[in-house]
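>>> Could you look at this predicted model? Sequence included:
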Amino acid sequence: MPLAEELRFAESYLYLQKTRLGDALAVEMDLPPARELASFFVPPLALQLLLENVVKHNTAFQADPLRIVVHLDVAAQTLTVRNTLRPRRLPPEEKSGLGLKNLAARYAFLTSKPLVVTEENGEFVVTLPLLTMSESVNG
(Lines give C-alpha, C1' and ligand atoms only; values in the text may rest on other atoms or scores of the structure.)
Protein backbone atom coordinates (compact mmCIF):
# COMPACT_ATOMS: atom_id res chain seq x y z
CA MET A 1 0.00 0.00 0.00
CA PRO A 2 1.41 3.46 -0.78
CA LEU A 3 2.79 5.02 2.40
CA ALA A 4 0.87 8.26 1.83
CA GLU A 5 -2.40 6.31 1.80
CA GLU A 6 -1.41 4.36 4.92
CA LEU A 7 -0.66 7.66 6.68
CA ARG A 8 -4.11 9.01 5.75
CA PHE A 9 -5.73 5.93 7.34
CA ALA A 10 -3.55 6.40 10.42
CA GLU A 11 -4.46 10.07 10.75
CA SER A 12 -8.18 9.19 10.56
CA TYR A 13 -7.75 6.50 13.21
CA LEU A 14 -5.79 8.84 15.48
CA TYR A 15 -8.43 11.54 15.05
CA LEU A 16 -11.09 9.09 16.28
CA GLN A 17 -8.94 8.02 19.22
CA LYS A 18 -8.18 11.65 20.08
CA THR A 19 -11.94 12.35 20.03
CA ARG A 20 -12.50 9.40 22.37
CA LEU A 21 -9.54 9.96 24.72
CA GLY A 22 -9.12 13.74 24.53
CA ASP A 23 -6.04 15.07 26.30
CA ALA A 24 -5.18 11.57 27.55
CA LEU A 25 -3.63 10.92 24.11
CA ALA A 26 -0.76 13.03 22.75
CA VAL A 27 0.29 12.34 19.15
CA GLU A 28 3.23 13.71 17.20
CA MET A 29 3.57 12.99 13.47
CA ASP A 30 7.16 13.75 12.43
CA LEU A 31 6.89 13.39 8.65
CA PRO A 32 8.66 14.90 5.66
CA PRO A 33 6.74 16.71 2.90
CA ALA A 34 4.28 14.50 1.00
CA ARG A 35 6.39 14.53 -2.20
CA GLU A 36 9.11 12.60 -0.32
CA LEU A 37 6.68 9.81 0.53
CA ALA A 38 5.64 8.92 -3.02
CA SER A 39 8.20 6.17 -3.60
CA PHE A 40 7.56 4.30 -0.34
CA PHE A 41 5.16 1.48 0.51
CA VAL A 42 4.22 -0.60 3.56
CA PRO A 43 2.12 -3.74 3.87
CA PRO A 44 -1.59 -2.81 4.05
CA LEU A 45 -2.64 -1.56 7.49
CA ALA A 46 0.84 -2.08 9.01
CA LEU A 47 0.85 1.34 10.67
CA GLN A 48 -2.79 0.96 11.67
CA LEU A 49 -1.97 -2.27 13.52
CA LEU A 50 0.83 -0.58 15.46
CA LEU A 51 -1.39 2.33 16.47
CA GLU A 52 -4.22 0.01 17.53
CA ASN A 53 -1.74 -1.96 19.65
CA VAL A 54 -0.60 1.23 21.42
CA VAL A 55 -4.16 2.14 22.41
CA LYS A 56 -5.13 -1.44 23.29
CA HIS A 57 -2.10 -2.33 25.41
CA ASN A 58 -1.45 0.93 27.31
CA THR A 59 -3.28 3.13 29.76
CA ALA A 60 -3.99 6.78 29.02
CA PHE A 61 -4.72 9.48 31.60
CA GLN A 62 -5.64 13.15 31.21
CA ALA A 63 -2.99 14.13 33.78
CA ASP A 64 -0.33 11.89 32.20
CA PRO A 65 -1.11 11.35 28.51
CA LEU A 66 -0.18 8.31 26.49
CA ARG A 67 2.36 9.67 24.00
CA ILE A 68 2.71 8.36 20.46
CA VAL A 69 5.38 9.58 18.05
CA VAL A 70 5.36 8.51 14.40
CA HIS A 71 8.69 9.36 12.75
CA LEU A 72 9.68 8.81 9.14
CA ASP A 73 13.38 8.75 8.29
CA VAL A 74 13.72 9.10 4.51
CA ALA A 75 17.49 8.49 4.51
CA ALA A 76 17.19 5.27 6.54
CA GLN A 77 13.93 4.34 4.76
CA THR A 78 12.20 3.55 8.05
CA LEU A 79 8.95 4.43 9.78
CA THR A 80 9.14 4.32 13.58
CA VAL A 81 6.26 4.30 16.06
CA ARG A 82 7.20 4.90 19.66
CA ASN A 83 4.90 5.19 22.64
CA THR A 84 4.97 5.58 26.37
CA LEU A 85 5.21 2.09 27.83
CA ARG A 86 2.37 1.92 30.32
CA PRO A 87 1.00 -1.64 30.13
CA ARG A 88 -2.66 -2.16 30.77
CA ARG A 89 -3.89 -5.31 32.47
CA LEU A 90 -5.42 -7.46 29.76
CA PRO A 91 -6.84 -10.96 29.85
CA PRO A 92 -4.21 -13.48 28.60
CA GLU A 93 -6.13 -14.14 25.38
CA GLU A 94 -5.87 -10.44 24.43
CA LYS A 95 -2.10 -10.15 24.72
CA SER A 96 -0.92 -12.92 22.46
CA GLY A 97 1.53 -10.82 20.44
CA LEU A 98 0.06 -12.29 17.27
CA GLY A 99 -0.37 -8.91 15.58
CA LEU A 100 3.36 -8.12 15.66
CA LYS A 101 4.26 -11.71 14.73
CA ASN A 102 1.94 -11.58 11.72
CA LEU A 103 3.31 -8.20 10.68
CA ALA A 104 6.89 -9.49 10.95
CA ALA A 105 5.90 -12.49 8.81
CA ARG A 106 4.37 -10.22 6.16
CA TYR A 107 7.58 -8.20 6.07
CA ALA A 108 9.69 -11.37 5.81
CA PHE A 109 7.65 -12.33 2.75
CA LEU A 110 8.22 -8.92 1.09
CA THR A 111 11.78 -7.98 2.04
CA SER A 112 14.91 -9.13 3.83
CA LYS A 113 14.85 -5.91 5.91
CA PRO A 114 13.70 -6.75 9.43
CA LEU A 115 10.93 -5.25 11.50
CA VAL A 116 12.59 -4.08 14.75
CA VAL A 117 10.77 -4.15 18.11
CA THR A 118 12.50 -2.76 21.21
CA GLU A 119 11.85 -1.22 24.59
CA GLU A 120 14.04 1.76 25.49
CA ASN A 121 13.85 4.57 28.02
CA GLY A 122 10.32 3.67 29.10
CA GLU A 123 9.05 3.47 25.53
CA PHE A 124 7.90 0.68 23.26
CA VAL A 125 9.43 1.19 19.81
CA VAL A 126 8.63 -0.51 16.51
CA THR A 127 10.56 0.36 13.36
CA LEU A 128 9.17 -0.67 10.01
CA PRO A 129 11.42 -0.79 6.97
CA LEU A 130 9.87 1.13 4.10
CA LEU A 131 9.41 -0.78 0.89
CA THR A 132 10.16 0.54 -2.57
CA MET A 133 8.36 -0.35 -5.78
CA SER A 134 10.62 -3.33 -6.54
CA GLU A 135 9.87 -4.82 -3.09
CA SER A 136 6.15 -4.04 -3.02
CA VAL A 137 5.11 -5.90 -6.18
CA ASN A 138 3.29 -8.47 -4.02
CA GLY A 139 1.93 -5.80 -1.63
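Nice, I can see it.

>>> Where does the prediction get shaky in this structure?
Low-confidence segments of the chain (pLDDT under 70): 92-96, 134-139.

>>> Now the phi/psi pair for the spatially most distant residue from the centre of it, please.
Going by CA atoms, centre = their mean, the residue of the chain most distant from its centre is residue 63, 24.0 Å out. Backbone geometry at residue 63, expressed as degrees, to the nearest 10, gives phi -80, psi -20.

>>> and what of residue 121?
With angles defined as degrees, to the nearest 10, residue 121 sits at phi 50, psi 40.

>>> Look up how far residue 85 lies from it.
9 Å (CB to CB, to the nearest Å). For the C-beta atoms, the positions are set from N, CA and C on the backbone; glycine is no exception.

>>> and these two? which has more neighbours close in?
residue 85 (16 against 7; other CB atoms under 10 Å).

>>> Tell me if I'm right that the more buried one and residue 124 touch.
Yes. Residue 85 is in contact with residue 124 according to CB atoms under 8 Å; the separation is 4.7 Å.

>>> Between those two, which contacts overlap?
Here residue 85 and residue 124 have residue 58 as joint contacts, going by CB atoms under 8 Å, 6 or more residues apart in numbering.

>>> Go through the longest helix seen in the chain and flag the buried ones.
The residue-count maximum for a helix in the chain (DSSP state H) belongs to helix 3-21. Neighbour-count burial for helix 3-21 flags 3, 6, 7, 10, 11, 13, 14, 17, 21 (criterion: 16 or more other CB atoms under 10 Å).
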